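Visitor: make a model of this:
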Amino acid sequence: MFKFIDRWIDRLEGVRNCDSPPGESLEIIALNLLSAIGEERPAAVLVTSSIPDNTDVSKICEELPGMIPPGIVLECSQNPCLDSKAMRRLPDCSGVVLIEREGRSKHAALARLIECVSDHEKAIYGFVMVN
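Guide: Below is the predicted model:
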């Protein structure tokens, strides 16, 4: 809805195209994940979304494990606030990575997901907006 504002700011900053190739986006996700985790090296990180049946979550979970060090397990699931299987996985994870889609993610649903994660005292290691 407000994509025109992002494009306008990009023009003001002299950036013509801020979209990166898919492989580079995954590398950035992996680096951000490692940076957020730091030396902690958790056993499991939950990759999830506020969007029901978000296919981006499964795509990222298939490609990302080769880019992160061994010992970090990615658990992929739908919204843990709405799915009982995902809710059972959340206590075993040290934190989450949120994958959202531009134009489909709703602020209220995302706020509920963040609140749910916070209620379980889990860290949010990253937020990825896929367009």
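Visitor: using the three-state scheme, assign the spatially most central residue of the chain.
Guide: The structure's the chain has its C-alpha centroid closest to Leu98; by Cα atoms, centre = their mean the separation is 2.6 Å. Secondary structure of Leu98, reduced to three states by DSSP: H, G, I helix; E, B strand; the rest coil: strand.
Visitor: not counting sequence-adjacent ones, nearest residue to it?
Guide: Across the structure, with Cβ to Cβ, 6 or more residues apart in numbering as the measure, the residue nearest Leu98 apart from its sequence neighbours is Phe127 (4.7 Å). All C-beta spots, glycine's among them, are computed from the backbone N, C-alpha and C.
Visitor: show me what the lengthiest helix in the chain is packed up against.
Guide: Secondary structure assigned by DSSP state H gives helix 22-37 as the longest helix of the chain. In terms of contacts (3 or more Cβ pairs under 8 Å, 6 or more residues apart in numbering; DSSP states H and E), helix 22-37 is packed against helix 55-63, strand 95-101, strand 123-130.
Visitor: so of these, which one's packed in deepest?
Guide: For the helices and strands packed on helix 22-37, average neighbour numbers computed from mean count of other Cβ atoms under 10 Å are highest in strand 95-101, which has a mean of 22.
Visitor: okay, that one in PDB with CA atoms only?
Guide: Listed next in PDB are the C-alpha coordinates belonging to strand 95-101 (Å, rounded to 0.1, in the frame of the first residue of the first chain):
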ATOM      1  CA  GLY A  95      14.000 -17.700  19.100                       C
ATOM      2  CA  VAL A  96      12.100 -17.000  15.800                       C
ATOM      3  CA  VAL A  97      12.700 -15.600  12.400                       C
ATOM      4  CA  LEU A  98       9.600 -14.000  10.800                       C
ATOM      5  CA  ILE A  99       9.000 -14.300   7.100                       C
ATOM      6  CA  GLU A 100       6.300 -12.000   5.700                       C
ATOM      7  CA  ARG A 101       5.000 -11.100   2.300                       C
END
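Visitor: what about it, average pLDDT?
Guide: Averaging pLDDT along strand 95-101 yields 83.
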